[in-house]
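A.B. asks: what follows is a predicted structure for the sequence shown.
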Amino acid sequence: MISAANAMGAAGAVALAFSTAITADTIVQVTKRPMIQAEGSYHRAVAPGETILIPWRVNKAADCPGNAGRVWSGAQGFHLAEPLKPAAIPTTDSWRLFRIETTIPALAPEGPLQLRIVGTYACPEGRFDFTLGPVVLTVRAPVEKES
């Protein structure tokens with residue numbers, strides 16, 4: 001049978017071993033500013049094919065070349081991944097507001113629609129993959145034009 005004192009001693013030894021395994025390099029990695037963070041939102045209904053300006057709050061530390069693309073998912077199993085393009089957001093010192101022109105996919109069905117931005121940066125310290133969002137949108141039924 002293990003006594004309470006022995007159990008506490010074992011737990012203390014494990015904690016000591018764990019705490020000594022953490023180095024200054026580990027702490028720097030944990031507290032280092034993320035390469036990119038962003039939050040976007042849009043509060044009006046959209047129509048398929050409509051071009052809107054989505055406000056994104058962005059905090060970007062990466063000063064590396066990269067690519068990014070839009071990934072859409074919505075009602076009725078809708079999914080569309082747009083081609084990757086060179087990333088164009090400049091490096092920022094803090095959170096900054098960008099209004100990004102965005103065209104709603106022409107085939108987006110009525111109902112909920114989510115937009116995520118996926119991409120990668122090729123930095124000297126290695127490759128960094130990222131996903132931003134989602135921005136949650138609502139697609140309204142297309143308006144029929146009278147002839």
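C.D. replies: Perfect, thanks for sending it.

A.B. asks: show me where the protein has its helices.
C.D. replies: All helices of the chain, identified by DSSP state H, fall at 4-21, 24-31.

A.B. asks: and those, which one averages the lowest pLDDT?
C.D. replies: Note on those: lowest mean pLDDT is at helix 4-21, with a mean of 47.

A.B. asks: in contact with the spatially most central residue of the chain, which residues?
C.D. replies: Centroid-nearest residue in the chain, with C-alpha atoms, centre = their mean: Leu132, separated by 1.8 Å. Residues near Leu132 by C-beta atoms under 8 Å, 6 or more residues apart in numbering: Ile36, Gln37, Ala38, Gly40, Trp56, Arg116, Ile117, Val118. For every residue, glycine as well, the C-beta is placed using N, CA and C.

A.B. asks: please parse this protein into its domains.
C.D. replies: 1-32, 34-139 (automatic domain parsing).

A.B. asks: of those domains, which shows the lowest average pLDDT?
C.D. replies: Among the domains of the chain, domain 1-32 carries the lowest mean pLDDT, at a mean of 50.

A.B. asks: run a quick neighbour tally on the closest residue to Tyr121 other than its chain neighbours.
C.D. replies: Leaving aside its sequence neighbours, Tyr121 sits nearest to Gly66 (C-beta to C-beta, 6 or more residues apart in numbering; 3.7 Å). Residues near Gly66, counting by other C-beta atoms under 10 Å, number 21.

A.B. asks: having no further points to raise, I will conclude here.
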